[in-house]
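Peer 1: Sequence and predicted structure are below.
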Amino acid sequence: MTDAPLATPVALLVFNRPEATVRVFAAIRKERPSRLLVVADGPRPGRAGEAELCAEVRRIVSEVDWPCRVQHEFSEVNLGCRRRVATGIDWIFEQVEEAIILEDDCLPHPTFFRFCQELLDRYRDDPRVGMISGDNFQFGPTTTGDSYYFSRYFHIWGWATWRDRWQGSYDVALGKWPEVKEEPWFSGLLEDAGEIREWRKNFDLVQSGRLDTWDYQWVFANWLKRRLCVLPSVNLVSNVGFDACATHTKVAGALSNLRSQAMEFPLRHPREVLRNEDADARSRHRSSNLDKMKSLFGRLLARSYPGSDRR
């Protein structure tokens, strides 16, 4: 945190979790962003007490007590994980050129904001970079002394990107998947046969509509464009959404409430925009051991949207 207000717009996705929302909103308040965009889904029909929970969440995020341009995109009906997040981020990038995006169960370290802001500026005009993440699942040091590395894995428990990366690339219907799934570039992207099978299965489920989510489509959009993700050398965001009410994250594990740490400044930048193959290989290996295997990036990569946890 610095004394100056955060210049980069911050977007917050919320649903029905007042306790988590209070914590994440307090972290945002400390940074005093000059622009705040809030996306909320509506309560599900027949869920006792959910309308009240959604109303309480909306009250919390309306308590902006610093100079700030605030915009709300509140749905009065329940759209579900897939439609609410996809349309919400569409709306965000209709309003702003770039944004730091948080969900109501993703608690950021104060240095997360400056990290994102500096790298949004640095890679704004570099189409090789798809997004900046606040997540590090290495459980140990990376192989360089840099402040971050480039990865093919796109973690969205606290992230940032630009309008031109999202618009024209993201397709919630995953319409291009059937025509490219057997092309050599896809198998060449993922060296491990089990990981290839896992991603094919998940993309098939999303494209057929059997998996109600938005996040695999974002991974696919970036892979199709051959983009890389910036991952920090230390973990900057703690997911506090693992609980018995969750759909995908019911059981606490290695990634639940993962401790966040301070990023040191000035940032130490990699010399080249190249994927850190060693770090990606370690992540793939650890995911195999930690989850008895369903690839960290097929199951844990982005199952944190609050609506998907409670639907």
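Peer 2: Great, that's in hand. Residues are numbered from 1 along each chain as shown.

Peer 1: Residue 38 in helix, strand or coil?
Peer 2: Taken by DSSP: H, G, I helix; E, B strand; the rest coil, the conformation at residue 38 corresponds to strand.

Peer 1: check contacts around it.
Peer 2: Neighbouring residues of residue 38 by Cβ atoms under 8 Å, 6 or more residues apart in numbering: 11-12, 14, 61, 70-74. Where C-beta positions appear, they are placed from N, C-alpha and C, glycine not excepted.

Peer 1: Next, please give the residue ranges for the strands of the stretch 201-311 of the chain.
Peer 2: Using DSSP state E, counting those that start in this stretch, the strands found in the stretch 201-311 of the chain span residues 228-232, 237-239.

Peer 1: Now for the chain, the helix or strand with the poorest mean pLDDT.
Peer 2: Using mean pLDDT, DSSP states H and E, the weakest-scoring helix or strand in the chain turns out to be helix 306-310, at a mean of 40.

Peer 1: which one of the strands of the stretch 201-311 of the chain lies closest to residue 41?
Peer 2: Shortest distance between residue 41 and the strands of the stretch 201-311 of the chain, using Cβ to Cβ, is found for strand 237-239: 18.6 Å.

Peer 1: Quick check: can you name the pairing partners of that closest one and their directions?
Peer 2: Strand pairing for strand 237-239, determined by DSSP bridges: strand 106-108 (antiparallel).

Peer 1: Let me see the mean pLDDT of the partner strand.
Peer 2: Computed over strand 106-108, the mean pLDDT rounds to 98.

Peer 1: Contacts for the next helix or strand after that strand, please.
Peer 2: Under the assignment DSSP states H and E, the closest C-terminal helix or strand after strand 106-108 is helix 110-122. With contacts defined as Cβ under 8 Å, 6+ apart, helix 110-122 is touched by 1-2, 6-8, 10, 27, 30-31, 33, 98, 100, 132, 134, 147-148, 158-160, 162, 230, 232, 236-237, 260, 262-263, 265, 267, 269.

Peer 1: pLDDT below threshold where in this protein?
Peer 2: Applying pLDDT under 70 to the chain flags residues 1-3, 140-143, 242-254, 256, 286-311.

Peer 1: residue ranges for the helices of the stretch 151-300 of the chain, please.
Peer 2: 163-166, 177-180, 184-189, 193-208, 215-224, 277-291 (DSSP state H, counting those that start in this stretch).

Peer 1: which residues of the stretch 1-150 of the chain fall in strands?
Peer 2: For the stretch 1-150 of the chain, strands defined by DSSP E, counting those that start in this stretch occupy the ranges 10-14, 35-40, 69-74, 98-103, 106-108, 129-133, 148-151.

Peer 1: Can you convert these into JSON lines and add a column each for distance to residue 114?
Peer 2: Output for the strands of the stretch 1-150 of the chain, formatted as JSON lines (distance: least, Cβ to Cβ, whole Å):
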{"stretch": "strand 10-14", "distance to residue 114": "12"}
{"stretch": "strand 35-40", "distance to residue 114": "16"}
{"stretch": "strand 69-74", "distance to residue 114": "20"}
{"stretch": "strand 98-103", "distance to residue 114": "10"}
{"stretch": "strand 106-108", "distance to residue 114": "11"}
{"stretch": "strand 129-133", "distance to residue 114": "12"}
{"stretch": "strand 148-151", "distance to residue 114": "13"}
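
Peer 1: Drop anything exposed from the contacts of residue 38.
Peer 2: 11-12, 14, 61, 73 (16 or more other Cβ atoms under 10 Å).

Peer 1: got JSON lines for those, with distance to residue 94 too?
Peer 2: Listed next are the buried ones among the contacts of residue 38 as JSON lines, based on distance: Cβ to Cβ, whole Å:
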{"residue": "11", "distance to residue 94": "12"}
{"residue": "12", "distance to residue 94": "17"}
{"residue": "14", "distance to residue 94": "19"}
{"residue": "61", "distance to residue 94": "20"}
{"residue": "73", "distance to residue 94": "10"}
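
Peer 1: and which of these is nearest residue 194?
Peer 2: Of all the buried ones among the contacts of residue 38, residue 194 sits closest to residue 11, with 34.7 Å by Cβ to Cβ.

Peer 1: Test my guess that the closest one contacts residue 100.
Peer 2: Yes - using Cβ atoms under 8 Å, residue 11 makes contact with residue 100 at a distance of 7.0 Å.

Peer 1: what about residue 259, how many neighbours?
Peer 2: Residue 259 has 8 neighbours, counted by other Cβ atoms under 10 Å.

Peer 1: no no, residue 95
Peer 2: Counted with other Cβ under 10 Å, residues neighbouring residue 95 total 15.
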